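# build me a structure from this.
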Amino acid sequence: MNDPNIPSKTIKGSESKSDEKVLNVNHHSLREAIMSQVGQEVVKVAAKSLSARTVKYVHFTYGDPKAYQGPIVDGWPPGKERNLPRYLNGKERPFLIQPNEGRNVSGDVLFMIHSSPEKMSMRDGVRKTWFFYQSFWKTRMTALFIVGLHKDPSINQRVRDEAETYGDIVQANFDDHYNNLTIKSLFCFKYAIETKWIKPPEFLFKVDDDSFVNVAHLEELLNKLGSNPKKLLIGHLLPNNPLPKLVLPAEKDNNFTKKWVSPSYMFNGPVYPPFVSGSGYFMSMDAVHCIYNEVLKLPFFHLEDVLITGFGAQNCNITLTDSNQFFAGPPLVSDIVSDDIMVHYTNSYTKNILLKMALFDFLQAKYNALIAQLGSKTDEKPWNLPSNYYFNTTMFQEEYVGRIPKAELEAKKKT
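Residues are numbered from 1 along each chain as shown. So this is what the prediction gives:
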C-alpha cells in the first residue's frame, strides 16, 4: 500500500484546458478505507458520492512503483517500462503476418477482430456466421482477425497455416495475453492507419471474436450517420466517471490482481473518465488517428477500454455515443432483440441463433419491398411477422429448445 505522503505522478493530455475541473477528492483516504475492514461503510458512502458526480477532465495519475506492496498485474510488475511507443514502434517488424495486397480493399468499414492465437474455433465461428453473409448487405466491409504471439511455437505455426488458408489474419509482434489487450487494440489502430489501402476505410469497428455483429443493422446505422461524420465513437457506455476496481484487503497477499483490478502503481486516481465497453466499438477514422496519437503519450494501462475510449477519447475531445444496440453483457435468449448491432459473449452456437434471426428479418424486409414494388401486379401479401417470430418456429424448437433452459425460453416467448 502506498504512503499517502508519496507524491503521485500525473500525466496530462496534450490539450490542457484552463477551465477544466478536477475532482476534489482525497483518493488516498478512499484507498485507506478500502484497505481497512472497518471502513466498508465509509467506502460505500464515498463510492455513492463519487459515482453521482461528473468530472470534466480526469488526469492519469499513478503512485510510486517502488513504494507499492501488494498483488501485481500479471506481466506488468512495478517498474516495468510503460512507454507505449516502445511496444508499438520499437520493433523492425511490427506485423509478422499480414494479408496479401488483394485484401487491402477495405471499403466503408474495417472490422478488426480481437482473437487469441489458439482460438481457431472462435475465428471459424465468425467466418461461418455473421461475416460469411456479408454478401447480403450493400455496404462493402472487410474483416480481419488480429492476434499476437503465443508462447507455444506450434500454435504460432498453426496461425501461419490458417493465415495462408484464409488470408484474413494480422499477427502483431507482441506477447498475446489478456493484460496486453491495450497493445493489441493499438496495433489495430496502427494497422488501420498505416496500411496502403486500395480504398481506405471510413470507419473502424473493433470487436472481440466472441461478439456477434448484425451487419444489416450496422448498414442502417451508416445510413443514419450520413457522409463523413467526425469524432465518432459509438458503443456501450459506462458513464458518470466509473470507479476503479481496487485491491481489497483479503487480496493484499495475492501474487496477482484479479480481473479488471487496478493497483495504485498502475493508476491511483479516484475515478475513470466515461468509457465504452471494449467488447466492441465503432469509430470514424479521424477518431482512430487522434486517439492513437494521444494514447501513445500516456503510460501503458492494462485496461484497454479505459485507456483508449476513456483517456484517449477525452484527450481528443470526443463525446462518446451510448447505443443500446451494443449489448455488452452475456446474452440470455430473452435478451436478444432483432435490432441489436453487436452482442457480446457469444459462442458459435449463439452466433447461429443470432444469424438466423438476422436473416429472417432481412429476408422479410426484402420480400415486403418486392411486394410493394410490384403493387397491383401481384396478389401476394406482405409478411407482418414479429421480430421474435423465429423463436416460435419449428426449426428453432427442433434445433435449440433442448439446449436452452425452459424458464429462459418461456421468458423469451412473453416478450
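# count of residues packed around the residue nearest to Asn228 when sequence neighbours are not counted?
Leaving out its chain neighbours, the residue that sits closest to Asn228 by CB to CB, 6 or more residues apart in numbering is Glu202, at 7.4 Å. C-beta coordinates here come from the backbone N, C-alpha and C atoms, glycine included. Using other CB atoms under 10 Å, Glu202 has 19 other residues around it.
# Asp286 is in contact with Glu202, correct?
No. Using CB atoms under 8 Å, Glu202 is not in contact with Asp286, being 9.6 Å away.
# what is the three-state secondary structure of the residue lying closest to Pro94 once chain neighbours are set aside?
Leaving aside its sequence neighbours, Pro94 sits nearest to Asn173 (CB to CB, 6+ apart; 5.5 Å). What DSSP: H, G, I helix; E, B strand; the rest coil gives for Asn173 is strand.
# mind checking how far Asn173 is from Leu149?
Distance from Asn173 to Leu149, counting by CB to CB, to the nearest Å: 7 Å.
# tell me where the model's unsure across this protein.
The chain contains residues with pLDDT under 70 at 1-55, 101-106, 133-139, 331-338, 359, 362, 386-415.
# which strand in it has the most residues?
The single longest strand within the chain, with elements called by DSSP state E, is strand 141-149.
# what helices or strands is that strand leaning on?
strand 109-114, helix 120-128, strand 169-175, helix 181-194 (3 or more CB pairs under 8 Å, 6 or more residues apart in numbering; DSSP states H and E).
# so which of these gets nearest Gly90?
Checking the helices and strands packed on strand 141-149 against Gly90 by CB to CB gives strand 169-175 as the closest, at 9.6 Å.
# strands paired with that closest one, and their directions?
Strand 169-175 pairs in its sheet with strand 95-97 (antiparallel), strand 141-149 (parallel), by DSSP bridges.
# and the helix ranked longest in the chain, which residues are buried?
If you go by DSSP state H, the chain has its longest helix at helix 348-374. Buried residues in helix 348-374, defined by neighbour count with 16 or more other CB atoms under 10 Å: 350-358, 360-362, 364, 371.
# and for stretch 278-297?
Applying 16+ other CB under 10 Å to stretch 278-297 flags 278-288, 290-292, 294-297 as buried.
# what is the end-to-end distance of that stretch?
20 Å (CA to CA, to the nearest Å).
# tell me the gap between it and the middle of its chain.
For stretch 278-297, the separation from the chain centroid amounts to 12 Å (computed by CA atoms, centre = their mean, to the nearest Å).
# and among the strands paired with strand 169-175, the most buried is which?
Among the strands paired with strand 169-175, the stretch with the highest mean neighbour count (mean count of other CB atoms under 10 Å) is strand 141-149, at a mean of 23.
# helices of the stretch 151-300 of the chain, start to end?
For the stretch 151-300 of the chain, helices defined by DSSP state H, counting those that start in this stretch occupy the ranges 153-166, 181-194, 215-225, 285-295.
# er, the stretch 301-415 of the chain I mean
Using DSSP H, counting those that start in this stretch, the helices found in the stretch 301-415 of the chain span residues 304-305, 313-315, 348-374, 394-400, 406-413.
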